[in-house]
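> predicted model follows, preceded by the sequence.
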Amino acid sequence: MSSPFSLPAALNLPTSSSESVADAIHRCALAWDTNDAALFDSSFMPDGIFEVNDHTMKGLPEIHAKGLALIFKLDTTHIVTNVRVQMREEREASLTATVLVQHFAKGKGMEPGQRSLMSGSLYHAELAIDTDGLWKFKHLKIKSIWVVGDYSIIEDNFSEVGWQME
């Protein structure tokens with residue numbers, strides 16, 4: 001589903017710039033916040049690996065079934081900062097970032113007194129240029145450092161998407 005808050009996946013950035021690499025994390029975060037699966041897919045290789053706190057998903061079908069199914073059940077705001085990019089080879093790069101996320105139950109964020117969960121996480125990614133000219137994640141790893149609020153906002157949806165709590 002496209003959102004009026006999304007720009008096209010391909011912007012007019014030179015592919016050799018670190019800004020072009022960083023655009024992958026911005027596309028991904030905005031896709032989560034706007035429930036835009038097509039924009040999300042523009043940030044991930046079809047066989048990409050997505051790790052969130054020891055939960056590993058491989059390939060877009062599994063990432064959609066487990067990761068997006070969980071995230072899209074929530075209203076979120078991802079604030080991406082401290083982005084650093086290391087250009088490694090002509091078509092490969094690494095990226096790190098710090099991300100703050102506010103989570104609310106779907107449609108409840110504007111209602112007073114609602115349960116919420118805020119988290120601070122570190123991201124590490126390996127990226128490559130895909131055939132469409134966009135930098136995409138080959139591997140995105142997220143490690144939550146802290147959470148504050150009501151963890152059941154997320155936990156309520158874990159069993160529905162096949163995640164087991166340790």
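Received it, and whenever you're ready, just let me know what you need. The shown structure was predicted, so the numbers you read here are calculated from the model rather than taken from an experiment.
> how about stretch 81-89 as PDB, C-alpha atoms only?
Taking C-alpha atoms only, stretch 81-89 is exported to PDB below (Å, rounded to 0.1, in the frame of the first residue of the first chain):
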ATOM      1  CA  THR A  81      19.900   8.900  13.700                       C
ATOM      2  CA  ASN A  82      23.700   8.600  14.000                       C
ATOM      3  CA  VAL A  83      23.800   6.900  10.600                       C
ATOM      4  CA  ARG A  84      27.300   6.000   9.600                       C
ATOM      5  CA  VAL A  85      28.300   4.400   6.200                       C
ATOM      6  CA  GLN A  86      31.400   2.600   5.200                       C
ATOM      7  CA  MET A  87      31.800   2.200   1.400                       C
ATOM      8  CA  ARG A  88      33.600  -1.100   1.100                       C
ATOM      9  CA  GLU A  89      33.700  -1.900  -2.600                       C
END
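> got the contact list for that stretch?
In this structure, residues lying in contact with stretch 81-89 by C-beta atoms under 8 Å, 6 or more residues apart in numbering are 16, 18, 21-22, 25, 93-100. C-beta: built from backbone N, CA, C; applies to glycine.
> give me the buried subset of those residues.
18, 21-22, 25, 93, 95, 97, 99 (16 or more other C-beta atoms under 10 Å).
> which stretches of the protein form strands?
44-52, 55-58, 74-89, 92-105, 116-129, 135-149 (DSSP state E).
> quick one: strands adjacent to the third one?
Read that as strand 74-89. As defined by DSSP bridges, the strand partners of strand 74-89 come to strand 92-105 (antiparallel).
> same question for the strand it pairs with, mean pLDDT?
On average, the pLDDT along strand 92-105 is 96.
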